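Chemist: fold the following, please.
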Amino acid sequence: VLLFLINTKPLLSVQVVDAEMIPASPGNSCILKCTAKCKPGVQYLRVRWYRVGQEETHYGLLTKTLPNGMTKLYVNVDREVKFVGDSYDMILSNVSCSDQALFACYLSAPVGEQNQEGRVQLNLKGCPDIQPKNEPKKNYLLIIIPTIVLITLLAILCVSIGTPQRLNFIYLFLN
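Modeler: Below is the predicted model of the structure:
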């Protein structure tokens, strides 16, 4: 069963733990430990794993409903990911340089308790130190500004064509 939530950010109060560095070698499997701090006595509702992209965008990978342990992949997950047994830890098989990124483990708490998030930074030996390969950066200004300029120029042209005096002025101005 696939989940249709891809590009999500946790919206509720969350306690975040600093990222722990996880060294690995390309071609091997790698276990990412969930570093979220569990409060004793709290029965968490769900554990989710995300790949953290630029601007703190979370890209869902895997979720497990607690306590029954039912797991689901998010849509558009293009690699093998699974939980390690009954734990909150996630295993990535056959890691490559493109897997080098920041990952987040998110524990959903019941009402009245605080959600928890732990982060791990996967560093692969022999791979260039690059920004995580996630979503393409969206830069809408490169589209919006030229569009506004073009519309403004077209509006000026249409207004000037509508009255002959303005056409003569533009003709004299250009000559």
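
Chemist: from here on, contacts and neighbour counts on C-alpha atoms
Modeler: Noted.

Chemist: what sits against R119?
Modeler: Residues in contact with R119 (CA atoms under 8 Å, 6 or more residues apart in numbering) are V16, V17, D18, A19, E20, C34, T35, A36, L102, F103, A104, C105.

Chemist: how much space between C34 and P128?
Modeler: Taking CA to CA, to the nearest Å as the criterion, C34 is separated from P128 by 25 Å.

Chemist: my error: substitute A36 in the last question.
Modeler: To P128, A36 is 28 Å away according to CA to CA.

Chemist: remind me, longest strand of the chain?
Modeler: Longest strand of the chain, by residue count under DSSP state E: strand 115-124.

Chemist: tell me the helix or strand right after it.
Modeler: Of the helices and strands lying after strand 115-124 in sequence (DSSP states H and E), the nearest is helix 141-162.

Chemist: among C34 and P128, which residue is more densely surrounded?
Modeler: A direct count of neighbours by other CA atoms under 10 Å for C34 and P128 places C34 higher, at 24 against 10.

Chemist: show me where the chain has its strands.
Modeler: For the chain, the strands defined by DSSP E cover 2-3, 7-8, 14-16, 20-24, 30-32, 46-52, 58-65, 71-74, 81-83, 90-92, 102-108, 115-124.

Chemist: for I161, which of the ones you listed is the nearest?
Modeler: Among the strands of the chain, strand 7-8 comes nearest to I161, with 47.4 Å by CA to CA.

Chemist: for the protein, give me the ranges with low pLDDT.
Modeler: Along the chain, segments meeting pLDDT under 70 span 1-17, 130-142, 160, 162-175.

Chemist: count the residues that sit near the closest residue to M90 other than its chain neighbours.
Modeler: The spatial neighbour of M90 that comes closest, neighbours along the chain excluded (CA to CA, 6 or more residues apart in numbering), is F83 at 4.4 Å. The burial count assigned to F83 is 19, neighbours taken as other CA under 10 Å.

Chemist: and for E20?
Modeler: A count of neighbours around E20, defined by other CA under 10 Å, yields 17.

Chemist: what is the closest residue to it other than its chain neighbours paired to in the beta sheet?
Modeler: Distances taken as CA to CA, 6+ apart place V120 nearest to E20, at 4.6 Å, with adjacent residues excluded. Under the criterion DSSP bridges, V120 forms beta bridges with E20, F103.
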